[in-house]
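K.L.:
can't give you the sequence, but here's the structure:
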């Protein structure tokens, strides 16, 4: 299972083949010294609520940015492992304060 990214706090993000299509994939991650886990959508939603409680304005700006600049622009994967289309670690900098809220860093959620 290939590692496609490692966050600045050493969380490895892996992908494995899914079964729905030739390009379907499942994301998994491993925190340092922990087992491999599969994030569920609800985990990310709950994390965003925690970030929103900590800093409403910045979290709303992050969500708007994700919708406008990522979700509306990304194309379906047509390779395995999928190539990263829209992500630069420097993009995370302005939202870094939100990493103190919730379980996941902004870098992890963004990637």
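P.N.:
Happy to help now that I have it. All of these numbers come straight from a predicted model, not from anything done at the bench. Numbering: from 1, shown residues only.

K.L.:
what does stretch 34-41 rub up against?
P.N.:
With contact meaning CB atoms under 8 Å, 6 or more residues apart in numbering, stretch 34-41 is reached by 1, 14, 26, 27, 28, 29, 30, 31, 104. The way it works is simple: take the backbone N, C-alpha and C, and place the C-beta from them, glycine included.

K.L.:
per-residue confidence at the first one?
P.N.:
Read it as residue 1. At residue 1, the model reports a pLDDT of 80.

K.L.:
test my guess that it contacts residue 25.
P.N.:
No - look at residue 1 against residue 25 with CB atoms under 8 Å: they stay out of range, at 10.1 Å.

K.L.:
could you pick out the longest helix of the chain?
P.N.:
When every helix of the chain is counted residue by residue (DSSP state H), the longest turns out to be helix 41-54.

K.L.:
starting at the chain centroid, how far to stretch 54-62?
P.N.:
How far stretch 54-62 lies from its chain's middle: 17 Å, per CA atoms, centre = their mean, to the nearest Å.

K.L.:
which of the residues in it are buried?
P.N.:
Using 16 or more other CB atoms under 10 Å as the test for burial, stretch 54-62 gives 55, 58, 59, 62.

K.L.:
and for stretch 27-47?
P.N.:
For stretch 27-47, the buried set under the neighbour-count rule, 16+ other CB under 10 Å, comprises 28, 29, 30, 31, 39, 47.

K.L.:
re the thing from before, which neighbours do residue 1 and residue 25 share?
P.N.:
Overlap of the contact sets of residue 1 and residue 25 (by CB under 8 Å, 6+ apart) consists of 15, 16.

K.L.:
which one of these two has more residues nearby?
P.N.:
With neighbours defined as other CB atoms under 10 Å, residue 1 and residue 25 compare such that residue 25 has more, 19 against 13.
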